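Chemist: here are the coordinates; sequence isn't available:
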Ligand code: HEM
């Protein structure tokens, strides 16, 4: 026993309901000087006596009480040591620290509490013992046997042996970043959710982008849906908005998710193909599931080949509810709009990038943030009432349908900025655990049956992926809001819960932690009330089935296709042809074609021709006379609708160099491009220093061999007779230029540099093409802004072989 605490005279009941039963304790233990145990016994009795019965019990019953749960009855102990685990909690060391302040939980809070830095520090074991020799194991003699007692070797190897955890069952491949969300306005009219509580409010976020089908080490540029998961560390707890870069999904009911994933993953007998939907089992499944057709249109579109994670939209997909302080609710769909615009790769480019740089998207995100080019997205809401929803031609609970923006406009509500890369990929990006069930007061679910399955699935899978029930304590997952409950124990538990009480109701801890109740209450520590589910009225038969409107499978697939530009349509056609050409069983191809006839007969005919197959009859539909759609073309569904606001910022431009290049034009371009925010690379036949015709030195940071054209958005072919002759003989140069041309990228040829275009066989008359620019010394000044403008356009679709070259069809 170390200290004797004087009783705290402020002991009083805090709950109004409980006040009526608050009386002095029936009997007092005898208080002995310097005897904390006796003092605790006395004070405990006093605390417990303040709750002679559970005053809330009667309020647990009936409908009205269900809508207004009361805050728990609590009492403040007259001494803080009363609720401690131990009477010695004030005996401090550097390890134990001092007694915790009442109500605090240091396992939440910023990541600083776990950041580790080894600068100027020796190696130690995990027990903190300094290691004298990290080169040699302990042996009995230099040539003798290794000794079992070598705890240093064994600890090192044992830890290494367990350094991998299971990868995510889906979305295994991903990249993350930290940032913040800033609300434009207070949205109290619609929601009490903390991030929208006031104008300008800032909420920290962690975001993870991902592919779906591929394994953890698979390529970034697979044709696939991209995950777009955002964790808001709000002051009312963590809210996860776990979305995708497409606004719809393949299936309508969670019951089918394992089937979908089994179908798209590598086929189980031989484990192929990796990160690809172009195989029999996927197309077998989806051609038997016509509700997936709308999503297939998105998957075959350029949306499935983003140029960058920074250049894709995000969607919450499901209908959610917003709920305000008054308990009024409105339906909501979430949209993320990238300020960088929506831009895609071409299929040929994506395939080549997967060899040249499988980490293309991970690197792009990392480098942009490292260079201070923080990617930004605007959050938008589509808000609509239940009455509006009832009138739509489709069901808002059907995740295979979107709400056209012409029907419900998107209201911009805030900006998300990603401004910090993780310190450690494993600790943060790999261990982060998102879940659709993580909502906060003000956000609620709809009855979407797909969403219901997700609400269960994420935490369930994370228990095995992250090794137990306590992964919410891993620093990247723990909220900034304080956490206190009666959950205890389990693998890797970190919280040292104070006291002996792990149940509720209790009187031994003064009723704490207590239920927060429905609303602002007299309980000072409670602040706002707890999360209240929206009391949606349900009165139906218990059945397994789907609503009638779910039976319409094609109208929005057609809407999507009809809303694309000619080049986007051509890419969709090409993608269907490619994917189905990889399907070995003709009957599956034919079945899929028959489904496509229902979307657009011309599309189906073109794909059939590309497969050398006859066009089958249309697949019978599940509903013959659906409600007519409100919207038949929606401009927002084309990627061209969002060209972006960032110009050439972060665009990768290659300037080819060789011995003898002309320096002055290069310097001018370099200055202009970097000034505009482009990232310029000097690409030579090798890396290292090159000498210009006028004697200046330029260093190539990339080589034609290690960085093919697909890794750049645009290129400059330099001036200089000798240099051009040498470049033309390099085995990589002409392929580099051909790819740039085929991929519709901007090329600027300076002076003699035009000869490379001829040699690459992309001329003659090439200068007539959009995005191919020529300049000499006298015209350079005028051409620079034109070049920058052309690079900012991303690419030049008028040159796209998909629309020009019948052979590619
Ligand atoms: C019933 C349908 C679905 C089920 C059962 C399901 C299940 C899962 C599971 C088990 C994971 C792995 C989680 C982990 O290990 O941490 C996951 C990840 C993910 N899911 Fe779903 N999912 C479903 C539908 C969807 C839909 C419709 C979307 C998009 C709106 C989506 C978006 C994501 C994202 C973005 C991730 C990756 C999260 C991260 O970055 O860690 N899922 N899903």
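Modeler: Perfect, I can see it now. These numbers come from a predicted model, not from an experiment.

Chemist: Pull the distance from the helix or strand encompassing residue 160 to the chain's centre.
Modeler: Secondary-structure element containing residue 160, defined by DSSP states H and E: helix 151-161. Between the centre of helix 151-161 and the centre of its chain there are 34 Å (C-alpha atoms, centre = their mean, to the nearest Å).

Chemist: starting at the chain centroid, how far to the following helix or strand past it?
Modeler: On the C-terminal side of helix 151-161, the nearest following helix or strand under DSSP H and E is strand 174-183. How far strand 174-183 lies from its chain's middle: 9 Å, per C-alpha atoms, centre = their mean.

Chemist: The next helix or strand after strand 174-183 vs the ligand: in contact?
Modeler: Using DSSP H and E, the helix or strand that directly follows strand 174-183 along the chain is strand 202-211. Yes: looking at strand 202-211 against the ligand by C-beta under 6 Å from any ligand atom, the contacts come from 208, 210. Backbone N, C-alpha and C define where each C-beta goes, glycine included.

Chemist: contact partners of the helix or strand that strand 202-211 is followed by?
Modeler: Later in the chain than strand 202-211, the nearest helix or strand by DSSP H and E is strand 226-234. The contact list for strand 226-234 (C-beta atoms under 8 Å, 6 or more residues apart in numbering) reads 171, 174, 181, 193-195, 203-212, 238-245, 304, 306, 309, 312, 314-315, 336, 416, 432, 434, 438, 440, 479-481.

Chemist: Filter the residues you listed down to just the buried residues.
Modeler: When burial is judged by neighbour count using 16 or more other C-beta atoms under 10 Å, the buried members of those are 171, 174, 181, 193-195, 203-212, 238-245, 304, 306, 309, 312, 314-315, 336, 416, 432, 434, 438, 440, 479-480.

Chemist: my read: residue 371 touches residue 674, true?
Modeler: No: with contacts defined as C-beta atoms under 8 Å, residue 371 does not count as touching residue 674, sitting 11.1 Å away.

Chemist: tell me the mean pLDDT for stretch 775-791?
Modeler: Mean per-residue pLDDT for stretch 775-791: 94.

Chemist: re the thing from before, averaged pLDDT, the helix holding residue 160. What do you get?
Modeler: pLDDT averaged over helix 151-161 gives 97.

Chemist: in the stretch 201-350 of the chain, which ranges drop under the pLDDT threshold?
Modeler: Filtered on pLDDT under 70, the stretch 201-350 of the chain yields no residues whatsoever.

Chemist: If you could redo that for the chain, that was the one I meant.
Modeler: Low-confidence segments of the chain, defined by pLDDT under 70: 1-34, 519-527, 763-764, 804-809.

Chemist: need the residues of it near the ligand, please.
Modeler: Proximity of the chain to the ligand is assessed by C-beta under 6 Å from any ligand atom, with 168-171, 174, 208, 210, 227, 229, 242-244, 249, 254, 257, 317, 399, 432-434, 450, 453-454, 457-458, 461-462, 465 identified as the residues in range.

Chemist: again, only this time at 5 Å
Modeler: For the chain, the residues in contact with the ligand under the definition C-beta under 5 Å from any ligand atom are 168-171, 174, 208, 210, 227, 229, 242-244, 249, 254, 257, 317, 434, 450, 453-454, 457, 461, 465.

Chemist: buried set for the helix holding residue 160?
Modeler: Of the residues in helix 151-161, 152-153, 156 count as buried by neighbour count, 16+ other C-beta under 10 Å.

Chemist: do the same with stretch 633-653
Modeler: For stretch 633-653, by 16+ other C-beta under 10 Å, it's 634, 636-642, 644, 646-653.

Chemist: Surely residue 87 and residue 39 touch.
Modeler: No: contact criterion C-beta under 8 Å: residue 87 and residue 39 do not qualify, at 9.3 Å.

Chemist: higher neighbour count, those two?
Modeler: Between residue 87 and residue 39, counted using other C-beta atoms under 10 Å, residue 39 has the larger neighbour count: 23 against 16.

Chemist: Assign the more buried one to helix, strand or coil.
Modeler: Recorded secondary structure, residue 39: helix (DSSP: H, G, I helix; E, B strand; the rest coil).

Chemist: Would you mind confirming that it is in contact with residue 77?
Modeler: No: in this structure residue 39 lies outside contact range of residue 77 using C-beta under 8 Å: 11.2 Å.

Chemist: what separates whichever residue of the stretch 301-450 of the chain sits closest to the ligand from residue 611, distance-wise?
Modeler: Per C-beta to the nearest ligand atom, residue 317 is where the stretch 301-450 of the chain lies closest to the ligand, at 3.5 Å. Computed as C-beta to C-beta, to the nearest Å, the residue 317 to residue 611 distance reads 31 Å.

Chemist: Have a look at the two and say which one is more surrounded.
Modeler: Between residue 317 and residue 611, counted using other C-beta under 10 Å, residue 317 has the larger neighbour count: 24 against 19.

Chemist: Cross-check the contact I'm expecting between the more buried one and residue 251.
Modeler: No: counting by C-beta under 8 Å, residue 317 does not reach residue 251; the two are 11.5 Å apart.

Chemist: According to the record, where do the domains of the protein fall?
Modeler: 1-90+498-525, 174-473, 554-620, 652-808 (automatic domain parsing).

Chemist: start to end distance for the shortest one?
Modeler: The one in question is domain 554-620. 11 Å (C-alpha to C-alpha, to the nearest Å).

Chemist: how many other residues sit next to residue 441?
Modeler: There are 21 residues near residue 441, going by other C-beta under 10 Å.

Chemist: Correction: the previous question concerned residue 586.
Modeler: Using other C-beta under 10 Å, residue 586 has 11 neighbouring residues.

Chemist: For it, which non-adjacent residue is closest in space?
Modeler: Excluding its sequence neighbours, the residue lying closest to residue 586 (C-beta to C-beta, 6 or more residues apart in numbering) is residue 613, at 7.3 Å.

Chemist: what's the answer for residue 285, then?
Modeler: Of all residues not flanking residue 285 in the chain, residue 263 sits nearest, at 3.5 Å (C-beta to C-beta, 6+ apart).

Chemist: Surely the one you found forms part of a helix?
Modeler: Yes: counting by three-state DSSP, residue 263 is part of a helix.

Chemist: so where do the helices sit in the stretch 601-750 of the chain?
Modeler: 601-610, 663-675, 721-729, 733-742 (DSSP state H, counting those that start in this stretch).

Chemist: okay, those in CSV with mean neighbour count next?
Modeler: Formatted as CSV, the entries for these read as follows, by neighbours: other C-beta atoms under 10 Å:
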stretch, mean neighbour count
helix 601-610, 19
helix 663-675, 17
helix 721-729, 18
helix 733-742, 21
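
Chemist: ok, how many other residues are close to the residue of the chain found nearest the ligand?
Modeler: Proximity to the ligand, evaluated over the chain using C-beta to the nearest ligand atom, is greatest for residue 227 at 2.7 Å. The number of residues packed near residue 227 is 23, by other C-beta under 10 Å.

Chemist: what's the closest non-adjacent residue to it?
Modeler: In space, residue 227 comes closest to residue 210 once its chain neighbours are excluded; the distance is 3.7 Å by C-beta to C-beta, 6+ apart.

Chemist: Am I right that the one you found is in contact with residue 176?
Modeler: No: the pair residue 210 and residue 176 fails to qualify as a contact (C-beta under 8 Å) at a distance of 9.0 Å.

Chemist: Now do residue 108 against residue 472, distance only.
Modeler: When distances are taken as C-beta to C-beta, residue 108 and residue 472 turn out to be 10 Å apart.

Chemist: Much appreciated, bye for now.
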